[in-house]
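1. Need a 3D model of the sequence below.
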Amino acid sequence: MLHTVGERAKTYFQEGYSCSEAVLKSVAVARGIDSPLIPKIATAFGSGMAGTNGMCGALSGGYLALSMCQGRVSPQEDRSTLYGNIAKLKATFEGAFLHTECTALLGFSLGEADAGTRFKEENCKEKKCNFFVERVSDEVMKLLS
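-> Next up, the predicted model:
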């Protein structure tokens, strides 16, 4: 039995969802949000924004999850709570892991030709990414409570 949203996210990640998809999906399930767009809208954010050396996919998934729960439905709505929580999530992540870019976190780019092999050989999923996925999911839930 899973006890935290982070544990659920880690399970989704182990099942084959990308880091960003796993974070978004776990928060959506915890919040009772069901949409055919989840995890679809998070797919391009995995692997450091689709292997382009961008932000960590778990962190991107956290931003998407916060926006899903606190985003606007009209231009007249305030977004200061969401923006404040994005800043807090980023600061917490950087405080824990020192970087926000996937390449810096892993030590290589997921856009490289041998990235898949290297990711497996270095056991990045178990040694690194699981921690990012779990921590971000749990932090998002703290920010939403």
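2. any chance you could map the helices in this structure?
-> Assigned by DSSP state H, the chain shows helices spanning 5-15, 19-30, 46-51, 57-70, 80-97, 102-106, 115-121, 124, 130-144.
3. out of those helices, deepest packed?
-> Highest mean neighbour count among the helices of the chain (mean count of other CB atoms under 10 Å): helix 19-30, with a mean of 28. Any C-beta I mention is one placed from the backbone N, CA and C, and that applies to glycine too.
4. ok so, going back, mind putting the helices of the chain in a markdown table, mean pLDDT included?
-> Shown next, in a markdown table, are those (pLDDT from 0 to 100):
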| stretch | mean pLDDT |
| --- | --- |
| helix 5-15 | 97 |
| helix 19-30 | 98 |
| helix 46-51 | 92 |
| helix 57-70 | 98 |
| helix 80-97 | 98 |
| helix 102-106 | 96 |
| helix 115-121 | 95 |
| helix 124 | 95 |
| helix 130-144 | 98 |
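5. Any chance of the ones you listed in TSV with distance to Pro39 as columns?
-> Below are the helices of the chain laid out as TSV (distance: least, CB to CB, whole Å):
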stretch	distance to Pro39
helix 5-15	8
helix 19-30	3
helix 46-51	9
helix 57-70	8
helix 80-97	18
helix 102-106	18
helix 115-121	20
helix 124	20
helix 130-144	12
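6. who wins for proximity to Ile38 among those?
-> Shortest separation from Ile38 across these is recorded for helix 19-30, at 4.7 Å, computed as CB to CB.
7. so Pro39 touches Val27, yeah?
-> No: using CB atoms under 8 Å, Pro39 is not in contact with Val27; the gap is 10.5 Å.
8. how close does the residue nearest the centre of the chain get to Val23?
-> Nearest residue to the geometric centre of the chain (CA atoms, centre = their mean): Ala58, 2.1 Å. To Val23, Ala58 is 5 Å away according to CB to CB, to the nearest Å.
9. before we move on, what about Asp78?
-> Distance, Asp78 to Val23, by CB to CB: 25 Å.
10. do Ala44 as well
-> 14 Å.
11. Same question for Ala115.
-> Ala115 sits 21 Å away from Val23, going by CB to CB.
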